[in-house]
Every structure is written in structure tokens, then in C-alpha cells.
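Following is a predicted model, sequence given first.
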Amino acid sequence: MPKITMIGAGSVVFARNLTRDILSFEELRDSEIALMDIDEERLRVAELMVKKVGEAAGGHPKVTATTDRKKALEGADYAINMIQVGTYPSTVTDFEIPKKYGLKQTIADTLGIGGIFRALRTIPVMLSMADDMEEVCPDVQFLNYVNPMAMNTGAWEHYTDIPIVGLCHSVQGTADMLAGDIGVPFAEVNYICAGINHMAFYLRFERNGEDLYPLIHKVYEEGRAPNWNRVRYEMLHRLGYYVTESSEHFSEYCPYFIKNTHPELIERFNVPIDEYIRRCIAQNESWEKMRDEMMQEDIKIEMHRSSEYGSLIIHSMETGIPRVIYGNVLNDGLIDNLPYDCCVEVPCLVDKNGVQPTPVGALPQQLAAIIRTNVNVQLLTIEAALTGNRDHVYHAAMMDPHTSSELTLDEIWSLVDDLFEAHGDIIPPMKTRFKKAVATA
């Protein structure tokens with residue numbers, strides 16, 4: 001039986017979904033599951049949860065729990081990353097400091113100034129994981145669920161040879177949603193999608209050879225786009241292709257929807273400012289509810305599968321049953337008109353040979369162009385994190401589509417300095433040639 005290590009297992013709701021998925025496979029029901037978290041109370045709840053899921057699945061998994069990451073990783077076949085460095089307080093900082101400059105955000109976990117600083121505090125922790133893995137489980141398959149996906153996964157690819165695939169549910173989740181919008185059963189849909197995480201596009205969306213894009217365009221033309229999804233349908237109208245990630249995310253990946261000079265756009269496109277703060281509060285409430293439930297002796301665990309790819313990868317690698325998933329990997333000749341060293345999201349075959357990405361060729365030029373605006377920020381942030389060169393943090397913020405459309409250069413420099421100061425030593429020291437930020441007017 002494989003050993004599966006969950007790092008950041010205190011994210012109990014997400015860990016529960018993954019555990020249910022894994023143990024729902026008969027071949028994996030007796031797996032060893034090693035839980036690791038730095039929060040002892042959350043770890044204790046996670047251990048109770050996994051044991052109860054094991055009972056509900058009819059299996060006998062070996063469950064261990066520890067705050068010692070290296071111990072949890074020792075001999076692991078698979079490691080799943082679900083950490084949040086800095087947790088809720090750091091997230092609040094990522095929103096509140098930019099607000100002082102008039103910079104509004106929605107999610108701030110993937111791109112933008114919030115995404116940049118989330119990466120700067122997450123990448124060093126992940127690279128220390130890589131050091132541990134090279135020592136105690138060099139053959140492990142690493143599954144990363146932590147945002148900012150492209151920055152975290154890309155930094156890993158540049159740092160270590162430990163195999164990684166970044167996983168998200170936006171491709172399969174959006175495909176299911178789109179099928180519902182056009183009234184076609186999801187089981188009858190097939191698609192090809194490619195790009196970067198949260199900005200991949202459906203290059204084909206079909207049913208039995210029939211192009212379904214005319215039906216998708218009709219949703220926009222007839223004004224039937226859901227109120228919460230206006231941004232994506234507007235970009236479909238402009239670019240000709242539908243993007244994978246939600247409207248609230250996508251509104252801050254480009255400079256068109258959150259503008260102080262045009263405040264009416266926020267209402268017109270129903271952009272939920274500060275949305276991630278609300279989600280964090282809801283997630284904490286969900287954890288407290290689960291903690292209380294796990295303390296009940298007679299709690300019943302419902303065994304139903306999620307849409308996450310993690311368990312499918314493990315099952316295919318263990319059994320040899322081939323599957324296609326969408327994964328985030330280094331662009332090693334996979335998308336011709338994106339930088340070779342960026343992290344891309346493409347279809348991947350998975351079997352006993354592991355995760356094998358599929359080349360998709362060149363994207364339509366308008367898609368490659370808008371993706372490159374995000375890749376610029378990602379690569380500069382990765383460079384900053386790997387080299388300790390703080391100058392590249394300024395450069396990343398300077399190139400960010402949303403930040404650069406709202407702030408002057410002087411404001412961007414000052415904002416970066418303020419965020420470094422507010423985050424304190426949660427971000428390792430970095431060197432810069434700039435003595436201080438230029439004073440704002």
C-alpha cells in the first residue's frame with residue numbers, strides 16, 4: 001500500500017474531500033496516510049476525520065499525525081501540499097495595505113500584488129519541503145494544491161528534480177458549469193483546454209464532433225450570462241474563447257474591470273471586491289463546525305467523490321489505469337508561443353509511468369498575448385524568490401496588469417515596501433539596490 005503524506009492537513013475540509021476520494025478506491029483503502037500540520041489542534045481534528053472516513057470507506061488505513069514534516073515525509077510515495085503560509089492575518093494584510101493606495105482586489109491569491117506577496121511567503125517554505133524530500137523520499141510524486149499555483153509550481157520546477165504537478169479544479173469545474181449554461185449533459189461533452197492556471201482557455205468544446213461554442217456565444221448574445229459570471233462572458237465576447245477561472249478571479253488578472261476612474265464597472269460586471277476575505281471567514285467557520293462534528297461518536301461520513309484530480313493520479317500510478325487530467329507543469333515544449341520556463345496548464349496522461357504532459361502547439365495569438373501579461377509577473381516573482389533579489393518584486397508589481405493600470409511607479413514602489421514591512425519576518429530577507437521607496441506625492 002502507498003504512503004500518502006498530507007502537508008497542511010489542518011485544512012480539514014479540503015483534506016476530508018481528498019481522503020474520501022482516495023479511500024473510495026478499493027485498491028487504496030488500506031493506504032498509509034501521514035498527516036502533518038504546525039497547528040496541533042487542527043492536526044488532531046484531521047486525524048479524527050481520516051480515521052472516521054476510513055471506517056466509512058470500509059478500509060483499514062494506517063493513520064499517523066505529526067508536527068514534524070520530515071518525519072511525515074519519510075518514505076512517502078505521494079505528498080499532497082495544502083498549506084497556507086501566514087493564514088488569515090497575512091491574507092488581510094494583502095488586502096488592507098493596497099487599499100490605502102486605492103488598489104481594490106477580489107481574491108488576491110494568484111496574481112496582483114496580493115498574489116505576489118502570497119508567493120514570496122509560500123515559495124521558501126515549499127523549497128524547504130523539497131530539501132526534506134530529497135533526503136527522505138526522493139522518489140515521491142508531489143501534488144501541489146497551493147496558490148499562487150503557477151508561481152509555486154514554477155519555482156519548484158526550477159529548484160529541484162522532485163516531480164511535481166500543480167492541481168486545480170477550474171478546468172473540470174468550469175466545463176461542467178458551461179455544459180449547464182448551454183443545456184448539454186456534462187457527460188456528453190469533450191474538450192481541449194490549455195494556457196496557465198486560472199487563465200486556460202477551451203480551445204475546443206464539443207459533443208460528438210459538434211462545436212458547442214455557438215451555443216456558448218448565444219448565452220452572451222441573449223443576455224443570459226449569470227450575474228456572477230459577467231466578466232468571463234464579456235471576455236469570451238472579446239477574445240472568442242472561454243476562460244477557466246471564475247469572474248471574480250479573472251477581473252483582477254487584467255486591467256479592464258476594476259478601475260477607480262470607472263467605478264461603475266464594478267457594479268456593471270458584478271465584481272465582488274474583498275471576496276477572499278469573506279471566504280476565509282467562512283472557511284474558518286466550516287472548520288469549527290467540522291471540529292465539533294468530529295467529536296461526536298455517531299457522526300456519519302458520507303462517501304461521495306469530489307472533482308479533484310489528486311486521488312485519480314494516485315490510483316492511476318498505482319494500478320496503471322490510464323486517465324487524462326489537467327495539470328500545471330513546466331512549459332517544456334508544450335505550448336509553443338509561451339515562454340519555455342513558465343508554468344502551463346495542459347492535458348496530462350497519467351498511468352504507471354507517472355504524469356505525462358501533452359503538447360498542444362500554439363495558442364491563438366490573442367490568448368497567448370493576454371496570458372503573457374500574467375506570465376511576466378509570475379516569472380519575475382519566481383526570480384525574486386529564488387535569488388533573494390528584492391528588485392524583482394518591484395518589477396513584478398510594475399508589470400502586473402491591474403496594479404500598473406491603477407498606480408504610478410512611485411506608488412508601486414512605496415506599496416511594495418509597505419507590504420514587506422507589514423509582513424515582517426514571514427518573508428525571508430531580500431536585498432535591493434533601492435535605498436527606500438520614492439516618496440509619493
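Everything's here; your move. Residues are numbered from 1 along each chain as shown.

Tell me the helices and strands packed up against the helix or strand of the chain with the lowest mean pLDDT.
Least confident helix or strand, the chain: helix 275-294 with a mean of 90, by mean pLDDT, DSSP states H and E. In terms of contacts (3 or more Cβ pairs under 8 Å, 6 or more residues apart in numbering; DSSP states H and E), helix 275-294 is packed against helix 12-23, helix 40-57, helix 87-99. Every C-beta, even on glycine, is put in place using the N, C-alpha and C of the backbone.

Tell me how far it lies from the chain's centre.
19 Å (Cα atoms, centre = their mean, to the nearest Å).

what angle sits between it and helix 40-57?
With axes from the mean of the first three to the mean of the last three Cα atoms, to 10 degrees defining the directions, helix 275-294 sits at 60 degrees from helix 40-57.

Now do the buried residues in stretch 98-113.
98, 101, 103-113 (16 or more other Cβ atoms under 10 Å).

Return the member of those residues nearest to residue 175.
Proximity of these to residue 175 (Cβ to Cβ) peaks at residue 110, which lies at 19.4 Å.

Tell me how many other residues surround residue 53.
Residue crowding around residue 53 was assessed by other Cβ atoms under 10 Å; the count is 26.

Verify the contact between it and residue 17 for me.
No - in this structure, residue 53 is not within contact of residue 17 by Cβ atoms under 8 Å, at 9.8 Å.

Could you find the closest non-adjacent residue to residue 53?
residue 19 (4.8 Å; Cβ to Cβ, 6 or more residues apart in numbering).

wait, I meant residue 106
Residue 106 sits nearest to residue 248 (Cβ to Cβ, 6+ apart), 4.4 Å away.

Repeat that for residue 98.
residue 113 (5.4 Å).

Give the buried residues for the strand or helix carrying that neighbour.
Element membership for residue 113 (DSSP states H and E) is helix 112-136. Neighbour-count burial for helix 112-136, counted by 16+ other Cβ under 10 Å, picks out 112-127, 129-130, 132-133, 136.

swap in stretch 228-238?
229, 230, 231, 232, 233, 234, 235, 236.

do stretch 264-282 as well
Using 16+ other Cβ under 10 Å as the test for burial, stretch 264-282 gives 266, 269, 270, 271, 272, 274, 275, 276, 277.

hmm, who's touching it?
88, 91-92, 95, 104-109, 227-228, 230-231, 234, 247-248, 251, 256-259 (Cβ atoms under 8 Å, 6 or more residues apart in numbering).

just stretch 39-49 next, same as before
When contacts are defined by Cβ under 8 Å, 6+ apart, stretch 39-49 is touched by residues 6, 9-12, 15-16, 19, 35-37, 63, 65-67, 287, 290-291, 294-295.
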